[in-house]
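Asker: need a 3D model of the sequence below.
(chains A and B)
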Amino acid sequence: MWIQPVLIISMIAIAVYLTRSTPSDRHLAIRRMLLFGALVVGIALVLVPEWLTAIARVVGIGRGTDLLVYGSIVAFLLYVVTDYKRSVQQDRATTSLARELTLAEARIEDLTARQRDEH
Amino acid sequence: MQPSTDAQPPPRDDEAWVVIPLYNEATVIAGVVTELLDVFSHVVCIDDGSTDGSGDVARHAGARVLRHPYNLGQGAALQTGISYVRQQAGARYIVTFDADGQHRIVDAIAMVHEARERDLAIVFGSRFLDARTNPGRIKKVVLKTAVWVTNRTTGLRLTDAHNGLRVIRHDAALSVNMQQDRMAHATEIVLQLGRSHLPWAEYPVEVVYSDYSKAKGQSVLNSINILVDLIVN
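Answerer: Numbering: from 1, shown residues only, chains lettered A, B, ... in the order given. Got it, this is the predicted structure:
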């Protein structure tokens, strides 16, 4: 089955990319652990697909593919939420940065205007 | 906009600084600034990344213009203006005013007067305290919903939430630190001013719905954005 190495390599690639591009130490550690876990599980499931079906039976879902779809939906929503939160944080940071820039510029303008008035 | 036709024009107010968030209002901003400068010594426009030269127009009209490097939103512009004015010596009141000419200057004057006379830290303009303003039925429902949300979240009892005309005394302005860049700031500023526990009141104002301000004003759909911004953040 040539799909197995393709899937495994792309999973590793995504995992490496994600762990390298996130800020904040504690969250980063948690994220790396989760990613590592997901990676191991992902590889295991690619190698032994029957496990997925077995797990699905245990949790009361008939087919492994269904479990995969549900898991993907949850993971996707998790991603949307964390990404939204992060973009809000970034917006706030850039807003305050832009504001400080505006206010600094205004202070310089006021200062030069005052100096011009004094002369 | 109607020119102030009062019999005795009051002297220029040196203590009340007018703050105007400005975004692409080049056709009307000169008139608004000129009329305000008849009454107030200091008019500060925050050019929020306008692409139609609004900032230059306002500057030529005599306003002090601060410039955002790009468009951040009305709430962000208002916060920049408030942050700027509270650093200015002699600034005792901040009057927030919309750029599109929907507010009447006589109302702003009356509200500053009210703040001084009754020693109020905050005066909110309200279009629903008398019958002068006619926003139309749909807009009224939207505005009343905003009022309801605002009252639920802030604990104040206002009759009008999203009214851009406010008078904020220097001590109350210190408690304003808005994070909402877009329109939900109107609720946020009420929340933060309310937490200051300083004396406040509402004052009846007229909102002039010209064809221009109707075209520029918030759409009904945008109220959904406001609601989501308020709930999610």
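Asker: would you mind measuring from residue B:148 to residue B:168?
Answerer: 23 Å (Cβ to Cβ, to the nearest Å). C-betas here are computed from N, CA, C, even on glycine.
Asker: of the two, which one has the most company?
Answerer: Per other Cβ atoms under 10 Å in any protein chain shown, whichever of residue B:148 and residue B:168 has more neighbours is residue B:168, with 28 against 11.
Asker: which ones are touching that one?
Answerer: By Cβ atoms under 8 Å, 6 or more residues apart in numbering or on different chains, the contact list for residue B:168 reads B:82, B:93, B:94, B:95, B:96, B:121, B:122, B:176, B:193.
Asker: could you rerun that using 6 Å?
Answerer: Contacts were defined as Cβ atoms under 6 Å, 6 or more residues apart in numbering or on different chains; by that measure residue B:168 touches B:94, B:122.
Asker: Validate this expectation: it resides in a strand.
Answerer: Yes - counting by DSSP: H, G, I helix; E, B strand; the rest coil, residue B:168 is part of a strand.
Asker: ok, what's across the strand from it?
Answerer: Beta-bridge pairing for residue B:168 (DSSP bridges): residue B:94, residue B:122.
Asker: and the gap between it and residue B:82?
Answerer: 7 Å.
Asker: ok, residue A:39 next?
Answerer: As judged by Cβ to Cβ, residue A:39 and residue B:82 stand 49 Å apart.
Asker: repeat for residue B:39
Answerer: Distance of residue B:39 to residue B:82, given as Cβ to Cβ: 20 Å.
Asker: and residue A:107, by the same measure?
Answerer: Using Cβ to Cβ, residue A:107 is found at 16 Å from residue B:82.
Asker: okay, these two: which has more neighbours?
Answerer: A direct count of neighbours by other Cβ under 10 Å for residue A:107 and residue B:82 places residue B:82 higher, at 23 against 12.
Asker: for chain B, give me the ranges with low pLDDT.
Answerer: B:1-10, B:183, B:213-223, B:230-233 (pLDDT under 70).
Asker: and if we set it to 90?
Answerer: B:1-12, B:100-102, B:127-163, B:179-188, B:190-191, B:194-196, B:206-233 (pLDDT under 90).
Asker: which residues of it fall in strands?
Answerer: B:13-22, B:40-47, B:64-67, B:93-96, B:122-126, B:166-169, B:200-204 (DSSP state E).
Asker: turn those strands into JSON lines, including distance to residue B:187.
Answerer: JSON lines is the format used below for the strands of chain B (distance: least, Cβ to Cβ, whole Å):
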{"stretch": "strand B:13-22", "distance to residue B:187": "16"}
{"stretch": "strand B:40-47", "distance to residue B:187": "20"}
{"stretch": "strand B:64-67", "distance to residue B:187": "24"}
{"stretch": "strand B:93-96", "distance to residue B:187": "14"}
{"stretch": "strand B:122-126", "distance to residue B:187": "12"}
{"stretch": "strand B:166-169", "distance to residue B:187": "13"}
{"stretch": "strand B:200-204", "distance to residue B:187": "15"}
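Asker: what's the neighbour count on residue 72?
Answerer: Reading this off chain A. Using other Cβ under 10 Å, residue A:72 has 10 other residues around it.
Asker: you looked at the wrong chain, it should be chain B
Answerer: By other Cβ under 10 Å, 25 other residues sit near residue B:72.
Asker: relative to chain A, how far out is it?
Answerer: Residue B:72 sits 5 Å away from chain A when distances are taken as Cβ to the nearest Cβ, to the nearest Å.
Asker: for that residue, what are its contacts?
Answerer: Listed by Cβ under 6 Å, 6+ apart, the contact set of residue B:72 reads A:95, A:98, B:48, B:181.
Asker: up against chain B, what does chain A have?
Answerer: Selection of chain A residues close to chain B by Cβ under 6 Å from any Cβ of the partner chain yields A:92, A:95, A:98, A:99, A:102, A:103, A:106.
Asker: does the second one belong to a helix or a strand, and which?
Answerer: In this case it means residue A:95. helix A:64-118 (DSSP states H and E).
Asker: just give the nearest non-adjacent residue to the spatially most central residue of chain B, would you?
Answerer: By Cα atoms, centre = their mean, the mean C-alpha position of chain B lies nearest to residue B:164, the distance being 2.9 Å. In this structure, residue B:164 finds its nearest non-sequential neighbour in residue B:98, 4.0 Å apart by Cβ to Cβ, 6 or more residues apart in numbering or on different chains.
Asker: and for that neighbour, the neighbour number?
Answerer: For residue B:98, the tally of surrounding residues (other Cβ under 10 Å) stands at 20.
Asker: go on, the one 3 residues further on?
Answerer: Look at residue B:101: counted by other Cβ under 10 Å, it has 22 neighbours.
Asker: all the helices of chain B, in order from the start?
Answerer: Here chain B has its helices, by DSSP state H, at B:29-39, B:54-60, B:74-85, B:105-117, B:137-154, B:170-173, B:185-195, B:211-216, B:222-232.
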